[in-house]
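Colleague: this one's sequence-less:
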């Protein structure tokens, strides 16, 4: 009201009155409020000239008072933003826009139109407390090259107790099988995914209650109650279904019509020459596992990409078997692992790869990549499929280290605990089909490698030694290679080197 009085003073006395009021506390407070309102008014006009303010549109107030000017709309907006009393707005409307025809009555009308209960919206989000009773088991990270997997098997059932880090489900990927473990000890309430679902890292699999006394007897009771009415309905429907037999007299009255059909049965006998297929009931359709699909895809890609060619040779295993027989006990006592034939063939393959580096190379576009290291992949057949773990830097390992590495990787592969890193890479592969009794085979290259060595069973055959025919333990070996990169000359020399080293292991010591 002070500014209202000053604005209507006579110009000659205006300056004197202003000096008087500027010294009063009321004037100073009013001046501060006016500056605050000016800042807010400019902010509101700048951000949104006709936007909603706290969820209430200004258009709702305009129909009630058609004569409201733009000044009142702005002031109403400021009043809602500030949430302060109507007196400040009224003072602002009267004196904020000097020169506009305003009245106290119209200001009250606007305020009455805009007077709404402004509720305080409280944000209430439910968070699962870390100290809560329920935790969730999720799919772990499966490796950089794996984005999803298939929930192959649920190892537990709802209501089963679990311990910390106990596996509750198995995820099957293109390469390995990964366990989903329980993050806490408790009881499984329910599973959020079922067998056969495709899951990604972080997907919730199960809900586990940390309470030890949780029981799930309740849900089973309604099911028993539901089964009883279902049986009653079934008994009630059976009499209704028995009504059609009343029409049986018609079928009994029609035997004369069926007799001609019996006489016409011989004509269908013309088709005995058609193949008799077994009934579908004797067939089973099982979806392929992800590992099997991955193996099938990679082997077919290998067949379509490489110019595959296989060369063969035979190896006399007499000296290697004698070496193993002479030192197997001392070897086991010192190194804690049995001496096998695989370590001898790995050392022979390393020597052959060093003598023929092109077999250890690979084609990359228009270039050839020669690798100065030897990572030997060992093909291991498991009940779930073929996996190929890798022995790193095999050229730097001795016989004992190679045997330990092979045994550890084979054990992990059979248990399904082998990791992606233990199968990644590899420059050359050895496949031992002899453990299954294979006499001869043509192995397929494991991409992106360029060759693979196939070992086979040891069979005593008559051989000519020193002009005499004597029995010798012989093994056929096969080398399948990419003929785009490796010529037949290098392939034959490669197999000859393996034959020489296996037949006389002393060459490894002398490097000849």
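Modeller: On my side now, so go ahead. Every value quoted in this text rests on a predicted model; they were computed, and no experiment measured them. Residues are numbered from 1 along each chain as shown.
Colleague: Please enumerate the strands of the stretch 351-500 of the chain.
Modeller: Shown for the stretch 351-500 of the chain, the strands assigned by DSSP state E, counting those that start in this stretch span residues 362-364, 367-369, 376-378, 380-381, 386-387, 390-391, 428-432, 451-455, 458-465, 468-482.
Colleague: From the structure, what's the count of residues near residue 176?
Modeller: 23 (other CB atoms under 10 Å). From N, CA and C alone the C-beta is placed, and that goes for glycine too.
Colleague: Check it and give its pLDDT.
Modeller: With respect to pLDDT, residue 176 has a value of 76.
Colleague: dump the residue contacts of it.
Modeller: Each residue near residue 176 by CB atoms under 8 Å, 6 or more residues apart in numbering is listed here: 143, 387, 416, 418-420, 423.
Colleague: Of the residues you listed, which one scores lowest on pLDDT?
Modeller: For these, the least confident entry is residue 143, with 71.
Colleague: ok, for that one, nearest residue in space, not its chain neighbours?
Modeller: Leaving out its chain neighbours, the residue that sits closest to residue 143 by CB to CB, 6 or more residues apart in numbering is residue 420, at 3.8 Å.
Colleague: count of residues packed around residue 466?
Modeller: Residue 466: 5 neighbours (other CB under 10 Å).
Colleague: what do you get for the one 4 residues further on?
Modeller: Burial of residue 470, expressed as a neighbour count using other CB under 10 Å, amounts to 11.
Colleague: how far away is it from residue 318?
Modeller: Distance, residue 470 to residue 318, using CB to CB, to the nearest Å: 10 Å.
Colleague: same question, residue 507
Modeller: In terms of CB to CB, residue 507 sits 15 Å off from residue 318.
Colleague: Need the three-state assignment for residue 142.
Modeller: coil (DSSP: H, G, I helix; E, B strand; the rest coil).
Colleague: Now name the helix or strand holding residue 34.
Modeller: Using DSSP states H and E, residue 34 sits within helix 25-47.
Colleague: Just after the helix or strand hosting residue 179, pick out the following helix or strand.
Modeller: Here residue 179, judged by DSSP H and E, is contained in strand 177-181. Downstream of strand 177-181, the next assigned helix or strand under DSSP H and E is strand 186-191.
Colleague: And the strands in the stretch 151-300 of the chain?
Modeller: In the stretch 151-300 of the chain, the strands defined using DSSP E, counting those that start in this stretch lie at 161-162, 167-172, 177-181, 186-191, 198-199, 204-209.
Colleague: Would you mind saying which of these lies nearest residue 431?
Modeller: Checking the strands of the stretch 151-300 of the chain against residue 431 by CB to CB gives strand 177-181 as the closest, at 21.4 Å.
Colleague: Next, the angle from the closest one to strand 204-209.
Modeller: 30 degrees (axes from the mean of the first three to the mean of the last three CA atoms, to 10 degrees).
Colleague: Which neighbouring elements make contact with strand 177-181?
Modeller: Applying 3 or more CB pairs under 8 Å, 6 or more residues apart in numbering; DSSP states H and E, one finds that strand 177-181 contacts strand 134-138, strand 167-172.
Colleague: Contacts for that strand, please.
Modeller: So strand 177-181 is in contact with 137-140, 142, 149, 152, 165-171, 205-206, 291, 384, 416, going by CB under 8 Å, 6+ apart.
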